[in-house]
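J.: below is the sequence, then the predicted model.
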Amino acid sequence: MARRQNYMILEPAYRRLHKLKEMATEENVSPKIRAEIDAIIDLLKVRADYCEDQSTKPSNDLLRLMESTLHHPWKDAFDQGKLSYVPTTLMMSGNLEAQFLRSLSSLGNARRVLELGLFTGCTALALAESIPEDGKVVSCELDPYIADLARSLLDKTECGKKVDIMLGDAKESMRALADKKMQFDLIFIDADKENYGVYYKMIWELGLLAPKGMILVDNALFFGDPYTKEGYMGKAGEGITSFNDIVREDGNVHKILVPIRDGLMIIRRIQDVNVHK
Ligand SMILES: C[S@@+](CC[C@H](N)C(=O)[O-])C[C@H]1O[C@@H](n2cnc3c(N)ncnc32)[C@H](O)[C@@H]1O
């Protein structure tokens, strides 16, 4: 099983519980109360692990790709000037979300998938595993080092051949795809958070979403910023908050914010959901 990442850091209540634990130690509160705080922290982790354990395990290919991502020498690549920053492996969605995406993709009979934000290919591969042999996942990635790494990891997998990588700014790639009149059954937004609102607008303006298609949006709860207003993630948190507001005000779509991992928004045209009308 892949080493588990500490996703709990995404959860503001968990972060505050840790702060409370430190305060309780500093202020020498009773051992009984400190033990109760530890028990609550454990419970949150146990719940997350339980969801993971009860869900379908990754394919061997996906497992290997995730392990390679976790063990990649990111800091060395940065020190050698191949990357402009040291990426956190928290950028990779992980198995629970990957399986959720697979399930939604197959429920929607997706064949053509567009991903904005590839990273090492975890969700691109999971989505590729959910579509038919003649299906395609087009994934946009800005960083050449990351795109090359993802290509090499995907090439070691069975379904990786279904993933086409478009190197460059996702906005440019979206325009190029629209110029070719391409449409997608599923569009997964997972690139730079400040631009989520722009991507959403472009999807509609460029007509990139196929009839009956769905938009899935990662990080809709981004570290809790949209509801805590703590500003923990700065401009990126603000980007997600304003994106969420745009979607909430959009009467043309049905949307549901699912509190899985860092929050996943499912967006569909309203007429595809109001089938009784
Ligand atoms: C959160 S990661 C994607 C994670 C991936 N979907 C997964 O779950 O494994 C975001 C990725 O988007 C890329 N990115 C950031 N800004 C971008 C842009 N303007 N256009 C295309 N990709 C971008 C980053 O380099 C990074 O690899």
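T.: Structure received. Numbers count the residues shown, from 1 in each chain.

J.: is stretch 191-209 positioned near the ligand?
T.: Yes - judged by Cβ under 6 Å from any ligand atom, stretch 191-209 and the ligand are in contact via 191-192. (C-beta placed from N, C-alpha, C; glycine too.)

J.: so what touches that stretch?
T.: 114, 116-117, 140, 142, 170-171, 174-175, 177-178, 182-184, 187, 189, 215, 217, 219, 222, 233, 235-240, 242-243, 246-247, 269 (Cβ atoms under 8 Å, 6 or more residues apart in numbering).

J.: how about stretch 123-131?
T.: Contacts for stretch 123-131 (Cβ under 8 Å, 6+ apart): 58-59, 61-62, 65, 93, 97-99, 101-103, 105-106, 110-111, 113, 115, 118, 135, 137, 139, 150, 154, 157, 159-160, 162-163, 186, 188, 190, 218.

J.: is the ligand within reach of it?
T.: Yes - using Cβ under 6 Å from any ligand atom, stretch 123-131 reaches the ligand at T123.

J.: would you map the helices across the stretch 151-277 of the chain?
T.: Along the stretch 151-277 of the chain, counting by DSSP state H, counting those that start in this stretch, helices occupy 170-179, 196-205, 225-228, 234-249, 270-273.

J.: need the ones you listed in JSON lines (columns: mean neighbour count and distance to I33).
T.: Shown next, in JSON lines, are the helices of the stretch 151-277 of the chain (neighbours: other Cβ atoms under 10 Å; distance: least, Cβ to Cβ, whole Å):
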{"stretch": "helix 170-179", "mean neighbour count": "17", "distance to I33": "49"}
{"stretch": "helix 196-205", "mean neighbour count": "18", "distance to I33": "41"}
{"stretch": "helix 225-228", "mean neighbour count": "18", "distance to I33": "24"}
{"stretch": "helix 234-249", "mean neighbour count": "17", "distance to I33": "32"}
{"stretch": "helix 270-273", "mean neighbour count": "13", "distance to I33": "47"}
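
J.: okay, those helices in CSV with mean pLDDT and distance to C51 next?
T.: Shown next, in CSV, are the helices of the stretch 151-277 of the chain (pLDDT from 0 to 100; distance: least, Cβ to Cβ, whole Å):
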stretch, mean pLDDT, distance to C51
helix 170-179, 98, 30
helix 196-205, 98, 25
helix 225-228, 96, 21
helix 234-249, 98, 23
helix 270-273, 96, 26
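
J.: so how far is E115 from D190?
T.: According to Cβ to Cβ, to the nearest Å, D190 stands 7 Å off from E115.

J.: between those two, point out the one with more neighbours.
T.: Neighbours were counted for D190 and for E115 using other Cβ atoms under 10 Å; E115 has more, 30 against 26.

J.: three-state assignment of the closest residue to that one other than its chain neighbours?
T.: Nearest non-adjacent residue to E115, counting by Cβ to Cβ, 6 or more residues apart in numbering: S139, 4.0 Å away. Under DSSP: H, G, I helix; E, B strand; the rest coil, S139 falls in the strand class.
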